[in-house]
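*Asks:* give me the fold of what follows.
(one chain, ligands or ions: 2)
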Amino acid sequence: MLLTDLGWSDDLEREFAPHAQRGWVPARLNRETPINYGAFIIDEEGDLVDLDVVLSGKVWHDAANDAELPAVGDWVALELGGENEDHVIRAGLTRRSCFSRKVPGKSTEEQVIGANVDVVCVVTDPGPDHNPRRMERYFTLISRSRAKPLVLINKADAFDAGLCESAAAELQALSPEAEIHLVSALKGSGLEILQRHLRTGVTLCIVGSSGVGKSTLVNQLLGEEWQWTGEVNEVTGKGRHTTVSRELVPLDDGGLLIDNPGMREIQMWTDEQTLRDSFSDVEELAAQCKFGDCKHGTDKGCAIRAAVEAGELAPARLESFLRLDEEIEKLQKRAKKRQMTSERRAKRAHRVKARNLNDRIELEREQRGEWRE
Ligand SMILES: Nc1nc2c(ncn2[C@@H]2O[C@H](COP(=O)(O)OP(=O)(O)OP(=O)(O)O)[C@@H](O)[C@H]2O)c(=O)[nH]1
Ligand SMILES: [Zn+2]
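*Replies:* Numbering: from 1, shown residues only. Ligands and ions are numbered 1, 2, ... in the order given. Got it, this is the predicted structure:
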């Protein structure tokens, strides 16, 4: 195996030159747990080796926030440790692309799903999972990530052909440049599309709601012995995933896959504009309300209420729409707080560095006999 099979390029080689001089080796992070990372290196015999590695304090300190910390898919400079020693990540290399989402729950932190991802494959279906608003947000995030968007509308075997076609057309209208296909993982179609993208060194990341058939697709790519399974656990009613952390997996036929086992409905990294955009359909309705200052409560001639009553808009969406301004205000407050924390952290790190430098200067003076009380 070669480094290029893992996605290594001439640009990276150039950037890595100073690290190579220090005896460090290039490694690509393939997994992330709360306590450490896993990394692939290619050893002298040309074999792929999977190592447990740790982060150096410097890399940790230099990251302004979690999103800047090394993540699955990142290329790093690794100092190999001897026996009973840790292998240490000494530096991160520049990301070519970065696909991220908002951390589940209340925080506004950004979480990296995959670094250096070439293609983000969103799996959906023509029926219950079909949701143009959500797909719009996926497209926004993918274009921000600099990866290529690929949409697989799965389970085409189980839905009426007309419905399939109209779902595909509706999504295509949102993003003319996205590649969109109707597939059936069950019948084995769709696999060849993934394989066509997965050329040597290409990294593809699979995302999508629970139950759309991601595992079924991945299982076909990875073969039988892979731990993912579409079988439903009798007790929990959920798929039986033996791993919950994200992983970068090199495939036998070329290319690399970032899977997202256990990933539920994606809650994406969203800023004010994305949040507003996701309610553009409701905004459109609001423009049709009789009164310009309609509160969409009991006001006469409210187009939004009318849509809810006609069953064209989910009541829950109206609720979220009414809380939109409040949500945006919270988002801004949290962003401000986060900025203050990271500034404080940076100042502290700076003080520590300055102190270390002073200590070293004093030590060197002492060694030269220049030190006087
Ligand atoms: N009819 C039909 N069913 C499918 C197809 N692909 C997957 N399924 C079924 O859909 C169910 C869910 O599939 P999974 O592959 O587990 O879905 P998932 O996206 O991995 O779901 P999570 O693991 O919860 O994220 C399973 O019962 C599959 O057999 C398909 O192409 N056609
Ligand atoms: Zn109204």
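
*Asks:* surely residue 156 meets residue 180?
*Replies:* No - with contact defined as CB atoms under 8 Å, residue 156 does not count as touching residue 180 (11.9 Å). (Glycine included, C-beta is placed from N, CA and C.)

*Asks:* please identify which of those two sits among more neighbours.
*Replies:* Just comparing residue 156 and residue 180: by other CB atoms under 10 Å the higher neighbour count belongs to residue 156, 25 against 20.

*Asks:* look up the pLDDT of the nearest residue to that one once chain neighbours are set aside for me, please.
*Replies:* Computed as CB to CB, 6 or more residues apart in numbering, the closest residue to residue 156 that is not its neighbour in sequence is residue 182, at 4.3 Å. Among the per-residue scores, residue 182 holds a pLDDT of 96.

*Asks:* just residue 62 next, same as before
*Replies:* Per the predicted model, pLDDT is 85 at residue 62.

*Asks:* tally of neighbours for it?
*Replies:* Neighbour count for residue 62, taken as other CB under 10 Å: 14.

*Asks:* burial measure for the residue nearest to residue 156, as a count.
*Replies:* Applying other CB under 10 Å, we find 21 residues neighbouring residue 182.

*Asks:* what bridges to it?
*Replies:* Residue 182 forms beta bridges with residue 153, as assigned by DSSP bridges.

*Asks:* what's the spacing between it and residue 193?
*Replies:* Distance from residue 182 to residue 193, counting by CB to CB, to the nearest Å: 10 Å.

*Asks:* which element is residue 165 on?
*Replies:* Assigned by DSSP states H and E, residue 165 falls within helix 161-174.

*Asks:* list the contacts for residue 53?
*Replies:* For residue 53, the contact set (CB atoms under 8 Å, 6 or more residues apart in numbering) comprises 27, 29, 36, 37, 38, 39, 76, 78, 86, 87, 88, 89.

*Asks:* sort those by pLDDT and name the bottom one.
*Replies:* Note: of the contacts of residue 53, the lowest pLDDT belongs to residue 36, at 81.

*Asks:* residues in contact with that one?
*Replies:* By CB under 8 Å, 6+ apart, residue 36 lies in contact with 52, 53, 54.

*Asks:* which parts of the chain sit against ligand 1?
*Replies:* 154-155, 157-158, 184-186, 208, 210-216, 230, 239 (CB under 6 Å from any ligand atom).

*Asks:* narrow those to those in helices?
*Replies:* Judged by DSSP state H, the residues of the chain next to ligand 1 include 214, 215, 216 as members of helices.

*Asks:* most neighbours, which of those?
*Replies:* Among these, residue 214 has the most neighbours (other CB under 10 Å), with 26 neighbours.

*Asks:* from ligand 2, how far out is that one?
*Replies:* Separation of residue 214 from ligand 2 (CB to the ion, to the nearest Å): 39 Å.

*Asks:* pretty sure that residue contacts residue 221?
*Replies:* No - taking contacts as CB under 8 Å, residue 214 lies outside contact range of residue 221: 10.9 Å.

*Asks:* and the helix holding residue 165, how far out from the chain middle?
*Replies:* 26 Å (CA atoms, centre = their mean, to the nearest Å).

*Asks:* show me what that helix is packed up against.
*Replies:* helix 132-145, strand 148-153, strand 179-182 (3 or more CB pairs under 8 Å, 6 or more residues apart in numbering; DSSP states H and E).

*Asks:* one step back: distance-wise, check the residue nearest to residue 156 relative to residue 6.
*Replies:* Applying CB to CB, the value for residue 182 to residue 6 is 32 Å.

*Asks:* do the same with residue 340
*Replies:* For residue 340, the distance to residue 6 - CB to CB - is 39 Å.

*Asks:* more neighbours, those two?
*Replies:* Shown here are residue 340 and residue 6; by other CB under 10 Å, residue 6 has more neighbours (23 against 10).

*Asks:* in the sheet, who's paired with the residue lying closest to that one once chain neighbours are set aside?
*Replies:* The spatial neighbour of residue 6 that comes closest, neighbours along the chain excluded (CB to CB, 6+ apart), is residue 28 at 5.0 Å. Beta-bridge pairing for residue 28 (DSSP bridges): residue 40, residue 75.

*Asks:* and residue 28, how many neighbours?
*Replies:* Neighbour number of residue 28 under other CB under 10 Å is 27.

*Asks:* list the contacts for it?
*Replies:* For residue 28, the contacting residues are 6, 7, 8, 39, 40, 73, 74, 75, 76, 248, by CB under 8 Å, 6+ apart.

*Asks:* and with 7 Å instead?
*Replies:* For residue 28, the contact set (CB atoms under 7 Å, 6 or more residues apart in numbering) comprises 6, 7, 39, 40, 75, 248.

*Asks:* do residue 78 as well
*Replies:* If you count contacts by CB under 7 Å, 6+ apart, then residue 78 has 24, 25, 27, 39, 41, 53, 87, 89, 90 around it.

*Asks:* quick one: residues contacting the fifth one.
*Replies:* This means residue 41. 25, 27, 49, 51, 78.

*Asks:* just give the nearest non-adjacent residue to it, would you?
*Replies:* residue 27 (4.7 Å).

*Asks:* my guess is that neighbour meets residue 37, correct?
*Replies:* No - counting by CB atoms under 7 Å, residue 27 does not reach residue 37; the two are 9.3 Å apart.
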